[in-house]
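In: After the sequence you'll find the predicted model.
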Amino acid sequence: MTIQNKQRNADKFIKNHYYQFKQMKATPLFLGLVIFTVSLFGQHNNQKYSALIRTADSLYNAKDFKNSAYAYSNAFKANGGKATLNERYNAACSWALANYPDSALYNLNYIVTFKNYTNSGHIKSDPDLISLHNDSRWKALLEAVHANKKKTFPNLDLIPLNGFKVEVITYGMENMKKGKPVIVFENGRGTDFEYWLPIIKEVSNDYTVFAYNRPRIGSSEDDNQLPTINHITDVLRQSLLAKGLQPPYIFVGHSWGAAIIRCFASFYPDEIAGLIFVDPHDFVKKPGSGRLPYQEIGLTENQIDSLFAEYDKWADEYIAQGPKFVAEEMKAQREFSKSGFELINRNPLPDVPVHFIMAGGYPLNTEKTPSLYDQEKMFRINNNIKMKSWIELINPLKYGKLFYSSNSGHIIQKDDPDIIISSIKLALKDYDKIKKGIETSR
C-alpha cells in the first residue's frame, strides 16, 4: 500500500469516528492515537517531499531536465500540492528546458496568481525560459507579473540616468528632514530589491528609505557598461540625488552589495551616517588570501590549484551561458579581486556606526557529493577567518558591532529579518549620539 493510500485510510478513520467524538468524551488514549497517526504520516510526507526536492535539484544540475521536472511534480504531490515560490519557479525551468510548455506555464502562473511573483526582470531574462518566449501565453504572463509588481510597490519609479532607466523605490518620504539619515539598501549579486521589503516597511515608519536595482536587474535597463564598483557607486549616488535624497546615508548592503557600499564610503566618507554589512562579500581579502581556508583544512598546494582551476572553469562557462544580469556582475567581481583592496583603502572606515551581520547556518540541503574536505568544516573555517577580519575593522571604531545569526542562511533578509531591523535601529540611535556630541562640542 502506498503512503498516499495509508494517508487516505487515516483520514477515513478519523472521519468515521467524528460523530462518536461529538456524542461522547474521547479518551486521552484514543485522541493520542489519532494525533500520533496523523503526525506520523505528515512527518513521512515531509521527509519524502524534501528528498524529492533534493533529487529534482540534482537532476537539474546534471541537465536531466525531464526527470528533474517529474521529481518536482512528485514532490508537490507528496506535500499536498504545497511548495515554495522558488521550488515552483525551479520546476517551471525544468519543464521549459524539457520542452513541456504547458507544465512550465502552469507552474509560473501558479506563483504569479497564488504567490504574488513580482520579479519581471528576472523572468524575462532567465535563459531557462527562452523556449516560452514565442508561446501565445507568455505576454499575458508577463503582464500579470508586472501588475503584481505595481501593486506591491505602488511608489516604484523608473528614473532616467545617462540615457538609461534605473528602477527605484522610496518609502517614508514624509519622514525626510535635513540632517536626518536616509536608509539605503544595496542588493547582493544579481538580486532584486524585493527581498528587502519586510525590512523596508518596518524602518520606513520613521525614516526615508531608498532601494534600487542595478543595471540589467529587475526593470532597470542595460546601460552597456560593466558594473564595476566605480560605475555602480556612481549610479547609486546619481540615483539618490535624482530622487532628491541628500546625505547623510545609512547603507545596508548584502553580500556583493556590501563591497559596493564599502567603496561608496571610501569615495564619499563625509556622506556616511552608518554602514551595515549583511553576510558580506569578503571585501578585505587580498589577492591570494582566498587560499587560507583550504590551507587550514589541510589541502596541498596542488589540490588547491586544482580546485581553483575547476572553479574558474565553472565561472567561465556560467559567464558564457548564464543570464547577463548575473554574468556581468561576476565579471565585475573578478575585476574587483584584482584592485578592490586599493579602492576600499583609499579612505579608512569613517568613525560612524559600522555593523557586520554574519550568517552561521550551514545549508541543510547541501548535496552530499564526494569532496576533498569536510564541507561544513570548511564553511566554519571560512566564517571564522572572515569574522576575524571584520573584528579587526571595527575594533578602532567607537560604534562598531558584530552580530552572528547561528540559524540563518546567506539570505538573512528571509531567515532572520529582525536582526537586520534591530541593527538599523541601533545604528540610528548611535548616530544620534554622534550628532548630539558634535552639537555639544560647538
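Out: Nice, thanks for sending it over. Numbers count the residues shown, from 1 in each chain.
In: Which parts of the stretch 101-250 of the chain are helices?
Out: Counting by DSSP state H, counting those that start in this stretch, the stretch 101-250 of the chain has helices at residues 101-114, 120-125, 138-152, 197-203, 229-242.
In: could those be laid out in JSON lines, adding mean pLDDT?
Out: Below are the helices of the stretch 101-250 of the chain laid out as JSON lines (pLDDT from 0 to 100):
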{"stretch": "helix 101-114", "mean pLDDT": "97"}
{"stretch": "helix 120-125", "mean pLDDT": "81"}
{"stretch": "helix 138-152", "mean pLDDT": "92"}
{"stretch": "helix 197-203", "mean pLDDT": "95"}
{"stretch": "helix 229-242", "mean pLDDT": "96"}
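In: low pLDDT regions in the stretch 1-150 of the chain?
Out: Within the stretch 1-150 of the chain, the segments meeting pLDDT under 70 span 1-45.
In: can you rerun that using 50?
Out: 1-42 (pLDDT under 50).
In: re the thing from before, out of the helices of the stretch 101-250 of the chain, which is closest to residue 311?
Out: Among the helices of the stretch 101-250 of the chain, helix 229-242 comes nearest to residue 311, with 21.5 Å by CB to CB. No exception for glycine: its C-beta is placed from N, CA and C like everyone else's.
In: If you count neighbours, what's buried in the closest one?
Out: Buried positions in helix 229-242, judged by neighbour count with 16 or more other CB atoms under 10 Å: 229, 232, 233, 234, 235, 236, 237, 239, 240.
In: Dump the helices of the stretch 101-250 of the chain to TSV, plus distance to residue 95.
Out: Converted to TSV, the helices of the stretch 101-250 of the chain look like this (distance: least, CB to CB, whole Å):
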stretch	distance to residue 95
helix 101-114	4
helix 120-125	14
helix 138-152	14
helix 197-203	28
helix 229-242	35
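In: Which one, of these, ends up nearest to residue 431?
Out: Across the helices of the stretch 101-250 of the chain, residue 431 has its closest neighbour in helix 197-203 (13.4 Å, CB to CB).
In: Count the residues that sit near residue 279.
Out: Residues lying near residue 279 (other CB atoms under 10 Å) number 22.
In: wait, doesn't it sit right on residue 412?
Out: Yes: the criterion here is CB atoms under 8 Å, and residue 279 meets it with residue 412 at 5.6 Å.
In: if I look at those two, which residues touch both of them?
Out: 254, 357, 359 (CB atoms under 8 Å, 6 or more residues apart in numbering).
In: quick one: contacts for residue 212?
Out: The neighbours of residue 212, taking CB under 8 Å, 6+ apart as the test, are 166, 167, 168, 169, 193, 220, 236, 239.
In: Just flag the most distant two among those.
Out: Pairwise over those, using CB to CB, the maximum falls at 169 and 236, 13.9 Å.
In: The stretch 301-442 of the chain: helices as residue ranges?
Out: 301-321, 324-344, 375-394, 412-415, 417-441.
In: possible to save these as JSON lines with mean neighbour count?
Out: Output for the helices of the stretch 301-442 of the chain, formatted as JSON lines (neighbours: other CB atoms under 10 Å):
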{"stretch": "helix 301-321", "mean neighbour count": "12"}
{"stretch": "helix 324-344", "mean neighbour count": "17"}
{"stretch": "helix 375-394", "mean neighbour count": "15"}
{"stretch": "helix 412-415", "mean neighbour count": "18"}
{"stretch": "helix 417-441", "mean neighbour count": "15"}
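In: Mean pLDDT lowest where, among these?
Out: In terms of mean pLDDT, the lowest-scoring of these is helix 324-344 (a mean of 87).
In: which phi and psi does residue 372 have?
Out: Dihedral angles of residue 372 (phi, psi; degrees, to the nearest 10) stand at phi -70, psi -10.
In: sorry, that was for residue 136
Out: According to degrees, to the nearest 10, residue 136 has phi -60, psi -20.
In: Any idea how many residues pack against it?
Out: 6.
In: mind giving me the domain ranges of this protein?
Out: Taking automatic domain parsing as the reference, the chain has its domains at 35-147, 154-441.
In: What residues sit buried inside stretch 147-159?
Out: Buried residues in stretch 147-159 (16+ other CB under 10 Å): 148, 149, 153, 156.
In: Kindly report the same for stretch 196-211.
Out: Buried residues in stretch 196-211, counted by 16+ other CB under 10 Å: 196, 197, 199, 200, 202, 203, 204, 207, 208, 209, 210, 211.
In: Identify all contacting residues around that stretch.
Out: 152, 168-173, 175-176, 180-185, 187, 193, 239-240, 243, 245, 252, 413, 417, 420-421, 424-425, 428.
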